[in-house]
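Trainee: missing the sequence, but the structure's below:
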């Protein structure tokens, strides 16, 4: 018997997601048994089950994939798989011999696992860090009150904890290891309202935090894995609410109210004029943005560079990076999450002293979206990028 498989450096993820090409070659009239096993970092077996029983040789790649799919559907072993450090296939063809194939599982030492138990979501922490002398911290942030931290005992999270509806963000840290996950806990009330969430923020408490701290909270919500029914939708609703608070603190309540009015009135001329008037006491900057943004797009000009040049021409800043920062914060704030805390702190401090820049960038975003353009197209232009 000959076992053929690709890729030759396949991992347990490749095997378990059924992405491998595996074929068992041998003379007809012979049969093969295949078992799959999972092991933890100590070599203790977590799971073992039959994949093929007395299957006739030869066994082609398509037959393997179909059989392994049935095996995965039959065995609900998500947690064992996530806990496993490696997996193994035991292939036995009787008189033709047998083979063992081992597949390593490249997993972080600290990881949060989520399991759906008959519609109820449960979170469990796997700690393979070995740093038992280092204290670990764990916390949950409700989707309904995303700025409120609830501490969780480390042992409780290792045992597993049920996720309340409508869901929460879970964060675990030990030394230099960290993991986070947003889990949606199902529908929390009847009707369409139960599909989404309506986050409430304590603005008084948030105002005590720096913009950098608030933005870091946004980034954790925005960049964490999202698991469960409607998880991505609810994650976006919470993230947008946290980002809205940052825009509020820089641009002011009058501006944010004008934004809402512009959207509510389907970009009416009067609502647009009100936004233009609120960008700055001197109307020139807003007028140029409002007048020229569409011709710039149609001429395939680099819109990001154009915004920076207009801001410079009106002497709002001589720092191209700051103008670029304002535009990115408006159009794709998640793209700033990888920036260093020092760089972000510097630009948040500067943008608070130059709110006109951010209001101008927000105006540009609203104009793009109300005219049917995809606002992220700005970020796809290779001639413009955020420069820190």
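Mentor: Yep, it's here. The structure presented is a predicted model; accordingly, all values stated were derived computationally and were not measured.
Trainee: Could you double-check that residue 254 lies in contact with residue 278?
Mentor: Yes. Assessed by Cβ atoms under 8 Å, residue 254 is found in contact with residue 278 at 6.1 Å. (C-beta placed from N, C-alpha, C; glycine too.)
Trainee: the more surrounded of those two?
Mentor: Just comparing residue 254 and residue 278: by other Cβ atoms under 10 Å the higher neighbour count belongs to residue 278, 21 against 10.
Trainee: check which helix or strand covers that one.
Mentor: If you go by DSSP states H and E, residue 278 is part of helix 269-279.
Trainee: low-confidence ranges in the stretch 251-388 of the chain?
Mentor: 299-301, 374-388 (pLDDT under 70).
Trainee: now the helix or strand following the helix holding residue 278 and helix 269-279, what's the angle there?
Mentor: The helix or strand immediately downstream of helix 269-279 is helix 284-298, counting by DSSP H and E. Inter-element angle recorded for helix 284-298 and helix 269-279: 120 degrees (by axes from the mean of the first three to the mean of the last three Cα atoms, to 10 degrees).
Trainee: Distance from the chain centre to helix 284-298, please.
Mentor: Relative to the centre of its chain, helix 284-298 is centred 33 Å away, using Cα atoms, centre = their mean, to the nearest Å.
Trainee: List the buried residues for it?
Mentor: 285-286, 289-290, 293, 296-297 (16 or more other Cβ atoms under 10 Å).
Trainee: For residue 248, see how far away the residue nearest the centre of the chain is.
Mentor: Centroid-nearest residue in the chain: residue 223, 3.7 Å away (criterion: Cα atoms, centre = their mean). Distance, residue 223 to residue 248, by Cβ to Cβ, to the nearest Å: 22 Å.
Trainee: ditto for residue 305
Mentor: Separation of residue 305 from residue 248 (Cβ to Cβ): 28 Å.
Trainee: go on, residue 281?
Mentor: Residue 281 sits 20 Å away from residue 248, going by Cβ to Cβ.
Trainee: more neighbours, the two?
Mentor: Neighbours per residue (other Cβ under 10 Å) separate residue 281 from residue 248, with residue 248 holding more: 18 against 7.
Trainee: just checking, what's the longest helix in the protein?
Mentor: The residue-count maximum for a helix in the chain (DSSP state H) belongs to helix 231-251.
Trainee: Now that helix: buried residues?
Mentor: Those would be 231, 234-235, 237-239, 241-251, for helix 231-251 by 16+ other Cβ under 10 Å.
Trainee: Relative to the whole chain's centre, how far out is it?
Mentor: So, by Cα atoms, centre = their mean, the centroid of helix 231-251 is 14 Å from its chain's centroid.
Trainee: Show me what it is packed up against.
Mentor: When contacts are defined as 3 or more Cβ pairs under 8 Å, 6 or more residues apart in numbering; DSSP states H and E, helix 231-251 packs onto strand 167-174, strand 177-184, helix 211-223, helix 253-264, helix 341-353, helix 355-370.
Trainee: can you pull the buried residues of the fourth one?
Mentor: Under the neighbour-count criterion of 16+ other Cβ under 10 Å, helix 253-264 has 255-256, 258-259, 262 buried.
Trainee: Residues contacting the strand ranked longest in the chain, please?
Mentor: When the chain is parsed with DSSP state E, its longest strand is strand 45-56. Contact with strand 45-56 is made by 28, 30-40, 59, 63, 67-68, 71, 75, 77, 80-81, 83-84, 89, as judged by Cβ atoms under 8 Å, 6 or more residues apart in numbering.
Trainee: Go again with 7 Å.
Mentor: Strand 45-56 is contacted from outside by 31-40, 67-68, 71, 75, 77, 80, 83-84, using Cβ atoms under 7 Å, 6 or more residues apart in numbering.
Trainee: in it, what's buried?
Mentor: In strand 45-56, counting by 16+ other Cβ under 10 Å, buried: 46-47, 51-52, 55.
Trainee: Looking at the residues you listed, which is nearest residue 1?
Mentor: residue 55 (11.8 Å; Cβ to Cβ).
Trainee: Could you report the neighbour count for residue 204?
Mentor: Neighbour tally, residue 204, other Cβ under 10 Å: 7.
Trainee: Residues touching the helix or strand hosting it, excluding its own?
Mentor: Take DSSP H and E as the rule and residue 204 turns out to sit in helix 203-206. For helix 203-206, contacts defined as Cβ under 7 Å, 6+ apart pick out 147, 214, 245.
Trainee: Kindly report the same for stretch 170-178.
Mentor: Residues contacting stretch 170-178 (Cβ under 7 Å, 6+ apart): 108-110, 112, 123, 125, 127, 129, 131, 134, 136-140, 157, 179-181, 183, 220.
Trainee: In helices, which of those residues appear?
Mentor: 157, 220.
Trainee: Buried ones among the contacts of stretch 170-178?
Mentor: By 16+ other Cβ under 10 Å, the contacts of stretch 170-178 give 109-110, 112, 123, 125, 127, 136, 138-140, 157, 179-181, 183, 220 as buried.
Trainee: quick one: contacts for the nearest residue in space to residue 78 that is not next to it in sequence?
Mentor: The shortest distance from residue 78 to any non-neighbouring residue, by Cβ to Cβ, 6 or more residues apart in numbering, is to residue 115 (5.9 Å). Residues in contact with residue 115, defined by Cβ under 7 Å, 6+ apart, are 78-79, 122.
Trainee: Redo those residues as a markdown table? Include distance to residue 315, neighbour count and pLDDT.
Mentor: Formatted as a markdown table, those follow (distance: Cβ to Cβ, whole Å; neighbours: other Cβ atoms under 10 Å; pLDDT from 0 to 100):
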| residue | distance to residue 315 | neighbour count | pLDDT |
| --- | --- | --- | --- |
| 78 | 58 | 13 | 71 |
| 79 | 60 | 17 | 71 |
| 122 | 57 | 16 | 91 |
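Trainee: Let's have the residues you listed in CSV, adding distance to residue 3.
Mentor: Below are the contacts of residue 115 laid out as CSV (distance: Cβ to Cβ, whole Å):
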residue, distance to residue 3
78, 27
79, 29
122, 38
